[in-house]
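Structure of the sequence below:
(one chain, ligands or ions: 1)
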Amino acid sequence: MTRLLFQGDLLGPKAEYSLVIAHLLGVDHVGHSYSPSSPQMAGKLAQMDSLLRRVVREMDNGTLLMVLGDHGMTDSGNHGGSQPSETDTLLFAYYPPGLPTLPDAPAKQIDLVPTLAYLLGLHIPFCNLGKFIPAFYLGPGDPLGQVSRIYDANSQQILQYLQTLGKPEFSSLEEELRNMHRKYQTGQQIREEQETLIRKVQQVLLAQWSQLHYPLMILGLGVLIASFFWVCYLLRNHVSHPGAVAVVLGIRGWSLFSVSALRNEGTISLSL
Ligand SMILES: [Zn+2]
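Sure, this is the predicted structure:
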């Protein structure tokens with residue numbers, strides 16, 4: 001991908017697209033192979049910098065560039081765990097006319113969903129639980145008032161989703177979202193209240209859906225251990241070469257401990 005971008009007509013005729021996504025996997029690959037603080041990583045980042053400089057040079061006014069990682073990395077070049085260095089990443093944004101300086105805080109990766117929907121002029125997807133990132137309001141007029149309008153659409157979409165789910169445990173959240181919509185329609189300045197409520201709904205739902213089911217986990221662990229002993233039994237009765245037995249047992253034992261906690265990845269810091 002990088003080679004194509006460097007060699008070809010970088011962005012091509014603009015009329016042909018409204019969104020370009022480039023997945024530059026090399027940084028992750030170099031981090032795994034050599035570690036994030038290696039000289040090889042410095043070389044890779046310098047290459048990425050020159051690519052971004054070229055993209056910026058060829059961008060015209062009204063085009064937004066977003067550069068972000070989907071996860072971080074430990075000093076030893078791993079990710080998938082729950083350390084902040086693995087779960088947190090950076091979002092860099094560049095917009096030639098300049099982004100409005102609106103109050104904002106670290107966002108969640110899922111907040112990109114309503115933000116990109118707004119930027120592309122699309123409806124917010126039905127199952128979205130993200131909150132629009134106010135710093136990306138690019139339109140004219142009163143930005144804070146417009147952000148409140150987008151928050152209202154955002155919270156109405158989440159309400160519609162909750163109503164479709166129809167779970168009694170979410171009925172008080174649904175009521176709060178309905179009340180917030182009524183309040184918005186009266187013309188009051190409630191942007192911060194809307195933001196707090198969307199964050200609250202987001203936290204409740206994310207906590208609800210990332211709960212671990214311990215009985216099923218213990219059952220799964222039991223199946224894994226039983227399968228290990230089943231392999232031992234088969235090897236003992238059907239394989240006579242001790243080297244082959246050791247290799248198979250080694251691979252099987254190692255696989256029992258290969259776990260990952262990818263569900264924790266998701267916080268981004270903003271650099272605008
Ligand atoms: Zn990776």
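
can we go C-alpha only for contacts and neighbour counts from here?
Will do.

Could you report the neighbour count for S148?
Neighbours of S148 under the rule other Cα atoms under 10 Å: 21.

Now name the helix or strand holding it.
Element membership for S148 (DSSP states H and E) is helix 143-165.

Quick check: T196 vs M41, distance?
Noted for T196: a distance of 39 Å to M41, by Cα to Cα, to the nearest Å.

More neighbours: those two, which one.
It is M41, of T196 and M41, that has more neighbours when counted by other Cα under 10 Å, with 21 against 12.

Identify the residue nearest the more buried one in space, chain neighbours excluded?
With Cα to Cα, 6 or more residues apart in numbering as the criterion, M41 has its nearest non-adjacent residue at 6.0 Å, and that residue is V30.

What ranges does the stretch 101-250 of the chain have for its helices?
Using DSSP state H, counting those that start in this stretch, the helices found in the stretch 101-250 of the chain span residues 112-119, 143-165, 171-185, 191-209, 214-238, 242-256.

and A46, which of those helices is closest to it?
Proximity to A46 (Cα to Cα) singles out helix 112-119 among the helices of the stretch 101-250 of the chain, at 26.7 Å.

Check the average confidence over that closest one, would you?
Here helix 112-119 scores 94 as its mean pLDDT.

between it and helix 143-165, how big is the angle?
Angle between the axes of helix 112-119 and helix 143-165 is 120 degrees (criterion: axes from the mean of the first three to the mean of the last three Cα atoms, to 10 degrees).

mind listing what's buried in helix 112-119?
Going by neighbour count (16 or more other Cα atoms under 10 Å), the buried part of helix 112-119 is 112-116, 118.

what about it, distance to the chain center?
13 Å (Cα atoms, centre = their mean, to the nearest Å).

Same question for stretch 200-220.
18 Å.

any idea of the mean pLDDT for that stretch?
Stretch 200-220 comes out at a mean pLDDT of 87.

Quick one: end-to-end distance for it.
Distance between the boundary residues of stretch 200-220 (Cα to Cα) amounts to 33 Å.

related to what we said a few turns ago, how about CSV for the buried residues of helix 112-119, with distance to P168 added?
What follows is the buried residues of helix 112-119, written out as CSV (distance: Cα to Cα, whole Å):
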residue, distance to P168
L112, 28
V113, 26
P114, 26
T115, 29
L116, 31
Y118, 31
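
Make a markdown table out of the helices of the stretch 101-250 of the chain and add distance to T63.
As requested, the helices of the stretch 101-250 of the chain are exported to a markdown table (distance: least, Cα to Cα, whole Å):
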| stretch | distance to T63 |
| --- | --- |
| helix 112-119 | 10 |
| helix 143-165 | 19 |
| helix 171-185 | 31 |
| helix 191-209 | 27 |
| helix 214-238 | 47 |
| helix 242-256 | 46 |
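
of all those helices, which lies closest to I133?
helix 112-119 (5.9 Å).

Just the C-alpha atoms of that closest one, please, in CSV.
What follows is helix 112-119, C-alpha atoms only, in CSV (Å, rounded to 0.1, in the frame of the first residue of the first chain):
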residue,chain,number,x,y,z
LEU,A,112,-15.6,7.8,15.3
VAL,A,113,-18.8,6.1,14.0
PRO,A,114,-21.2,9.1,14.5
THR,A,115,-18.4,11.5,13.7
LEU,A,116,-17.6,9.9,10.3
ALA,A,117,-21.4,9.6,9.6
TYR,A,118,-21.7,13.4,10.2
LEU,A,119,-18.6,14.2,8.1
